[in-house]
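# Structure for the following, please:
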Amino acid sequence: MNKPIDPKNDAYLEERLSHLEGVERFVIDSLELAASLGDFQNSINKLQDVTTILEETGIKIQSLIPFETVAFFLVDEQSNFFHLKHIDSEQHRAFIQSEVDHAIDDGIFAWALREKRPVVVPTKGQKQSLILHSMATTTRIRGMFVGLLKNDVHGILNVSLSLVSFVLSNSANAIESFELYRRIREINSNLEGIDNYQLLFEAAPDGVEIIDAEGHIIHTNESQQKLLGYGRKELTGSLASDHFSQKNRDPLLNGLSALNESGYWEGEVELITATGELVPVWRKEKALYDRDQRFIGAVVFNRDITKRKKGDEERRELMERLQRSEKMEALGQLAGGVAHDLNNVLGIMSGYSELLMEEIPEGHRTRTHVEKIFQSAEKGAAIIQDLLTLARRGVTASDVISLNSIVSDFLKAPVFEKIKDYHPRVNFRTACDGNLLNIKGSPVHLEKTLMNLVSNAAESISGQGEVTIGTESRYLDKPIRGYDDVKEGDYAVLTVSDTGMGISAKDRERIFEPFYTKKKMGRSGTGLGLAIVWGTVKDHNGYIDIQTEIGEGTTFTLYFPVTREEVGAAKQKEPIEQYLGRGESVLVIDDVAEQREIASRLLSRLGYQVHAVSGGEEAVEYLKGNKADILVLDMIMEPGIDGLETYKRVLDINPKQKAIIVSGFSETDRVKEAQGLGAGVYVRKPYVMERIGMAIRDELRRP
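Numbering: from 1, shown residues only. As a prediction, this is how the structure comes out:
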């Protein structure tokens, strides 16, 4: 798949697109296949032996990777030895047992158990390969999977190995569930009397309710009460259907007669809690009959599946992003190939047009024709640059620049005047951060990105409205999930907001595709506007987020990683002498390595002696044997103690310890509490040298 792209070779393009579609189908099918492992768990209490689980596990793994045979060794709980419990090809039993014995003797087996991932090892004869993978729950190891690869298998996709891990994890949990149900059956068969029944009823992890033949709740366990947020007295006597969402309520009113006939029902429904929250549950209803086989009610189990549905939604979003990235890759490669060939054609057209203009005197009728050809060639060259940006080949400059300068230059450009002329009823305003951090990038491409966003924003407004261009420095302590997943760090942020018609969910997923537009033809450019925005942001290692609602307008937010380099000789607002250090010791406490390094470099440059630690616990230990004139204390540090708790423990060591608080979030109550204990000013990340320097200097001067 690495042959050069030839836009004339339709067969190659079809092959490439077919490959991408095949990968997409493989991933989707594989995810569905792995997820389906849990299907038999719904009736796991009906199984008689774990062999059924292992057989189904083997079938699913075989559909992911072609094995000659698969085997499962389970741990004997008494002896802790591994015994071959199931193999799908009896003719390989002796061979697999021999290979496992060899792996145990060589320590490979123990290594594979520790790794908890697929481990590929050669057989003793070096002619074939085995895949070993532990089968473990969160609490213990249940067994080992052993797969003998076919001779013709030379490469396995990483996604296949990941899905094998997912399947085996589910299998281990299924085995654990089976053994739990087996124990419950054994205990239940020996229990007699209402006291024992009540013990099991209350111990059930799922919400359990007993309903009568009319659907009234007559008994609930504690899990069901916690699930709904009501006490037992509040639930007793109420209709079970009263606790369902409206979309589930009507079918359930007629469900008791069907339950009487079938004896059993299960499915997903929504419950409504006492606070009005909707909770998805997997509901199982088992009919109860008296000795004369008359229907008297049902016992119902409700399992909260909120986490499972959230995981399903996350997987769906992941698949959508995968498809979007693959599509943009294919379109980008196509655009790059087209641009390359068009450049050659237009280069010739442009060159010869200039030569002709040199030979034809001014005022000659033919010269006008040639000038038109030359101008068209220039416009074509501009479109090619757009295609190269889309293909991720257009951004070559990497200057230290400020987004504020990009905004300022754009507002003075003729293209902005043209946009205003097209939209006389639209008001354009700016809201730029005066302390914006710099980025490294291409001014030309960034200005064109801003032009496309502003043009789109203006065209989304049918009458009077407003377009706002904004910039700000923003530090993210935690990743955020939006149109892109934005990683934690320092960013210079560019936003373009409008009060226009908004973007539908359907269009939102496609707006960055080339030539996908809802705008008027002939007035709105080449159809590459937002595709150029996408390519430019990605070339700057940035991220895009979109907030939009139909009728409520749209905001595009672009995140660009910052640089600490300066643009030229920037003039300081305060002379550096005002906040230079005098050799004082500073302890920097921050859980992000890059932030520790930045703070250490800035403060060392200002003349401080700097020591940095990665968390509150480490800071407390350091201060037990060392002193620091002042702390630069991050407020949010995970997974350890936060800034407030750290400062409290430090004050036990040194009640007069000076400190300033830094954070990427707005000032919180915990920040104010730390200041109430004696901490100094709060400095919001990302900070510049002057800001952090003045804060430390002022705090050190404070009595």
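
# where does Gly680 fall, helix, sheet strand or coil?
Taking DSSP: H, G, I helix; E, B strand; the rest coil as the rule, one finds Gly680 in the coil state.

# cool, and Phe72?
Phe72 is classified as strand under three-state DSSP.

# try Arg303
The local conformation at Arg303, judged by three-state DSSP, is strand.

# Correct me if wrong: it contacts Pro280.
No. Counting by Cβ atoms under 8 Å, Arg303 stays clear of Pro280, with 9.7 Å between them. In short, each C-beta sits where N, CA and C put it, glycine included.

# centre of the chain versus the one helix or strand Arg114 maps to, how much separation?
Assessed by DSSP states H and E, Arg114 sits inside helix 108-115. In this view, helix 108-115 has its centroid 31 Å away from the chain centroid, taken as Cα atoms, centre = their mean, to the nearest Å.

# before we move on, what about stretch 400-415?
Mean-position distance between stretch 400-415 and its chain equals 32 Å (Cα atoms, centre = their mean).

# going forward can the numbers begin at 3, since that is how I track them
In the new numbering, first residue 3, that becomes stretch 402-417.

# Quick one: mean pLDDT for that stretch?
Averaging pLDDT along stretch 402-417 gives 89.

# How about stretch 539-547?
Here the average pLDDT along stretch 539-547 is 86.

# Kindly report the same for stretch 130-148.
Stretch 130-148 shows a mean pLDDT of 87.

# do stretch 231-242 as well
Rounded mean pLDDT across stretch 231-242 is 84.

# quick one: buried residues of it?
Buried residues in stretch 231-242, counted by 16 or more other Cβ atoms under 10 Å: 232, 237, 242.

# likewise stretch 557-571?
Residues 557-565 are the ones in stretch 557-571 that count as buried (16+ other Cβ under 10 Å).

# same question, stretch 71-90
Under the neighbour-count criterion of 16+ other Cβ under 10 Å, stretch 71-90 has 71-77, 84, 86-90 buried.

# quick check, nearest of the residues you listed to Lys311?
Taking Cβ to Cβ as the measure, Lys311 lies nearest Phe74 of those, at 30.4 Å.

# Okay, and the beta partners of the closest one?
Per DSSP bridges, residues listed as beta-bridge partners of Phe74: His88, Phe147.

# In contact with it: list those residues for me.
Going by Cβ atoms under 8 Å, 6 or more residues apart in numbering, Phe74 touches 56, 59-60, 86-89, 137, 145-148.

# between the residues you listed, which is nearest Glu599?
Met137 (41.9 Å).

# Quick one: work out the angle between the host helix or strand of the closest one and helix 110-117.
Using DSSP H and E, the secondary-structure element containing Met137 is strand 131-138. Angle of strand 131-138 versus helix 110-117, following axes from the mean of the first three to the mean of the last three Cα atoms, to 10 degrees, is 50 degrees.

# who touches Glu101 in this structure?
Applying Cβ under 8 Å, 6+ apart, one finds that Glu101 lies in contact with 125-126, 132, 148.

# Go again with 10 Å.
73, 94, 110-111, 123-127, 130, 132, 134, 148, 150 (Cβ atoms under 10 Å, 6 or more residues apart in numbering).

# Pro124 now?
Counting by Cβ under 10 Å, 6+ apart, Pro124 makes contact with 101, 130-132.

# All good on my end, thank you.
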